[in-house]
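**Student:** Give me the fold of what follows.
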Amino acid sequence: MNILHIIASVNPVDGGPIEGIVQQSRHVGHERHIACLDEPGAPFLLDCGVKVFALGKTRGAAWRRQPWIRYGYSPYLLPWLRKNIRQYDVVVVNGLWNYAAFAARRALVGSGVPYVVFTHGMLDPWFKRVYPVKSVAKQISWWFCEGPLLRHANKVLFTTQEEMALARNSFWPYELREKVVSYGTADIQGEPDRQRRKFHALVPRLRQRRLIPLSQVKL
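**Tutor:** You can find the predicted model right below:
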């Protein structure tokens, strides 16, 4: 099976979503590619471990300082998706509220290509309470982008029942096919003693505190 992941960035500093894609590519026997908004030649692309189509626009330092940089517009992503998505058996859209999601909506809705959307916690209504002004802009975006993208998806994926339930109170109208799935990652690598010393150097106030190993926590 050929799988295409659409994500804003493969930069590992962005955390869980890209790490999950990389680990899936190592342990699940399917061909995976990534389409993203990173600039071609970004150094972290070489270490991704998955074939990446970096479709961002090369920009100068002054442009990167603009406040709307995080949305990540690029003129190259949407044409590439329209040309190539039918080569894949399924498409996974990772995340919302960026140009990658907008391009995915334009390319996928009505295309006949099966796709799912992994929200990665981005529908938590906490945002509406803390940033009410920004939530108004997100509601407008929901009507034109995220709402149609999720409504036409084969499935919208959550990692817990609670996350799925909370998402129902986020934006209106809320019409989608929900599914809770597991989202694993790799075990910790390296020397425990060295990692413990580095951790205590970063947060010395925890040096004398007792910590419970995650392996002993029952979820």
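**Student:** so Tyr183, which of the three states?
**Tutor:** On the three-state scheme (DSSP: H, G, I helix; E, B strand; the rest coil), Tyr183 is labelled coil.
**Student:** Please tell me the pLDDT value assigned to Glu191.
**Tutor:** With respect to pLDDT, Glu191 scores 77.
**Student:** Neighbours of it, how many?
**Tutor:** For Glu191, the count of nearby residues is 8 (other Cβ atoms under 10 Å). No exception for glycine: its C-beta is placed from N, CA and C like everyone else's.
**Student:** next one: Ser170
**Tutor:** By other Cβ under 10 Å, the residues close to Ser170 number 20.
**Student:** Skipping adjacent residues, who's closest to it in space?
**Tutor:** Spatial nearest neighbour of Ser170, excluding adjacent residues (Cβ to Cβ, 6 or more residues apart in numbering): Leu123 at 4.5 Å.
**Student:** Can you tell me the SS state at that neighbour?
**Tutor:** Under three-state DSSP, Leu123 falls in the coil class.
**Student:** mind listing what it touches?
**Tutor:** Counting by Cβ atoms under 8 Å, 6 or more residues apart in numbering, Leu123 touches 96, 163, 166-167, 170-171.
**Student:** Over to Leu166?
**Tutor:** Counting by Cβ under 8 Å, 6+ apart, Leu166 has contacts 123-125.
**Student:** With distance to Phe102 and pLDDT added, can I get those residues in JSON lines?
**Tutor:** As requested, these are exported to JSON lines (distance: Cβ to Cβ, whole Å; pLDDT from 0 to 100):
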{"residue": "Leu123", "distance to Phe102": "16", "pLDDT": "94"}
{"residue": "Asp124", "distance to Phe102": "20", "pLDDT": "92"}
{"residue": "Pro125", "distance to Phe102": "22", "pLDDT": "90"}
